[in-house]
Each structure stands twice: as structure tokens, then as C-alpha cells.
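Peer 1: Sequence and predicted structure are below.
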Amino acid sequence: MSRHPIRFVGAGPGAADLLTVRATRLLEQADLVLYPGTYLEPAVLEHCAKTACLIDTQDLNLDDIVGHLVTANHAALKVVRLVSGDPSVYSAISEQTRRLDDAGVDWEVTPGVPAYAAAAARVGRELTIPLVTQSVVLTRTQQRSTAMPATESLTAFAATKATLVLHLSITRIRELMIELYPAYGLDCPVVVVYRASQPDERILRGTISDIAAKVEAARLRQAAVILVGSALADRDAMAGESYLYDRDRDRSTKVTGGRR
């Protein structure tokens, strides 16, 4: 009996039309799909075969989830484990794959559209602006979740003045803005994107001084990404432009066949 690897698949920001072509093909072929119901719009599951067994993981613990994966693998079923966003960030696949390795079960990973990328797209902004910021910090904060390493404090990241992307942090937004204002200033732009690209998407724009009040008034409690930094400012106020496309750049040397 041939066994198929468990497919960990990034579901992107939760919109049915932002899955990759590979992801939709794997869903169409799957006998069993485990999905994070909290973060996906129901239309995502329309990519699944009508005969597929669907399991919402939002109320399952890690051992329950892995138990389903191992049992289905032993039964030679094709299994997709959907994770929100991209599996490389906050997906818990490291814990799941470690258990699968112990159980002798093969697995593979298919990337997805990261939530922060979908959020930036919805507000039409590049997060790296020449002469303003060239770095993006993806992080989260601790509240009813795994402790953060001592070296990864929010104030330490803020000191870089990079664009900050805060995941899993919306319920702490007021205290987070208090932590950030000494480095960024009260007028620093902040954008909050709730359920980016989904039908009930909400976008809140403000500054470090007022975004918390807007989030609290909107009663956002989950599935939101917080973007902070000067890259979100009025574009007319940013004079930096990319050297790559500078009209004065010397383009006389071209790369041909791997040689200059």
C-alpha cells in the first residue's frame, strides 16, 4: 500500500482566490483536509473534492491534529494540512513535522501568500522605501502565547526604525503603541488590516497616537496585521528612489550567458 506525504499548504490570507495554483490542485486531490477555520473564508474549501473529509482544527490540540495526519497516512489517504498565510511564519509546522518524523511519516511544504504581503497589497504600499527603510521586521508579542525570546523585545526592534509587521498582537495594540512611540514618534503612520482580501476585510489607518482608539472602536480581536513605519507615510513626503532604476545609472555593462 503506497503512502502519500502529508502536504502542509499555505492557505494565504484566507481568500479563496489567493491560493497558489499548486495549492488548489492539492486540495482538489486530497482525501482529507485539515484547515484553520478561524482564519479562512468558507469559499477556500470549495477547492476541495466533494468526497473529501474536512476537519476544522481551531478546537484541536497539536496531538489531536497529528493523530489525524498519522492515521490518514497509514490508511494511504492523500492529506492536506492547510495553514494560514505562509508556512514559514507562525504556522507551528516545526512541531507537527517533528512528530511526523518520529512517526516515520513523510511530509512536504507548499508556500502561500503571507498575510503581511496581502495587507501591504491592500493598502497599495511597498514596505521598503529607498533612503527611508530597507528592512522589514516580522514579529509578534506575548499574550496567552509562547514566550518571546529575551533578545527579541519590541523596543529593540523599534530602535532599528525598520517597518514593523506585528502578528497576533491586535488585542494589545494600546500598550504596544506606548512601547513604540519613543523610537518612532507619535506621528508615525500605522495601518491595521483585518482579514486582508476577505469579504469582511477592514482597513484602519492612523498614527501611533490614535490607532489604538480606532481599533478598540472597531472591536477587532483577531486575524489582523499591524503595519508600523515611515514607509507608510504620504508618498509625496518621501524623496528616495531606487538606484536600480535611476536614469543616471551606468547600464553599459550587461550580463550575458552568466558572464559580464
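Peer 2: Thanks, I have it. Numbering: from 1, shown residues only.

Peer 1: Show me the contact partners of the helix or strand containing Ala217.
Peer 2: Taking DSSP states H and E as the criterion, Ala217 maps to helix 211-218. Outside of helix 211-218, the residues within contact range by CB atoms under 8 Å, 6 or more residues apart in numbering are 170, 173-174, 177, 190, 192, 194, 202, 204, 206, 224. Backbone N, C-alpha and C define where each C-beta goes, glycine included.

Peer 1: Quick check: of these, which has the highest neighbour count?
Peer 2: Among the contacts of helix 211-218, the one with the most neighbours (other CB atoms under 10 Å) is Val190, at 27 neighbours.

Peer 1: for it, what are its contacts?
Peer 2: Val190 touches 177, 205-208, 211, 226-228, 232, counting by CB under 8 Å, 6+ apart.

Peer 1: Please list only the buried members of those.
Peer 2: Taking 16 or more other CB atoms under 10 Å as the criterion, what is buried in the contacts of Val190 is 177, 206-208, 211, 226-228, 232.

Peer 1: In helices, which of those residues fall?
Peer 2: Among those, DSSP state H puts 177, 211 in helices.

Peer 1: biggest separation within the buried ones among the contacts of Val190, which pair?
Peer 2: For the buried ones among the contacts of Val190, the farthest-apart pair by CB to CB is Met177 and Leu232; their separation is 14.2 Å.

Peer 1: quick one, strands of the stretch 101-250 of the chain?
Peer 2: Across the stretch 101-250 of the chain, reading from the start of the chain, the strands by DSSP state E, counting those that start in this stretch fall at 107-110, 136-140, 163-167, 189-194, 202-207, 224-228.

Peer 1: before we move on, the earlier item: what is the nearest of the contacts of Val190 to Lys161?
Peer 2: Relative to Lys161, and with distances defined as CB to CB, the nearest of the contacts of Val190 is Val228, at 10.2 Å.

Peer 1: Pop the domain breakdown of this structure in here.
Peer 2: 6-113, 116-237 (automatic domain parsing).

Peer 1: Mean pLDDT lowest where, among the ones you listed?
Peer 2: Mean pLDDT is lowest for domain 116-237 out of the domains of the chain, coming in at a mean of 90.

Peer 1: what distance separates that domain from the centre of its chain?
Peer 2: Mean-position distance between domain 116-237 and its chain equals 13 Å (CA atoms, centre = their mean, to the nearest Å).

Peer 1: quick revisit: what's the closest of the buried ones among the contacts of Val190 to Thr20?
Peer 2: Proximity of these to Thr20 (CB to CB) peaks at Leu227, which lies at 23.3 Å.

Peer 1: residues contacting the closest one?
Peer 2: Remark: with contacts taken as CB under 8 Å, 6+ apart, Leu227 is in contact with 116, 119-120, 123, 125, 127, 163-166, 190-193.

Peer 1: Just the buried ones among those, please.
Peer 2: With neighbours counted by 16+ other CB under 10 Å, the contacts of Leu227 contain buried members at 116, 119-120, 125, 127, 163-166, 190-193.

Peer 1: Pull the most distant pair out of those.
Peer 2: With distances taken as CB to CB, the most widely separated pair in those is Arg125 and Leu166, at 15.7 Å.

Peer 1: so Val83 bridges to which residues?
Peer 2: Listed by DSSP bridges, the beta-bridge partners for Val83 are Gly10.
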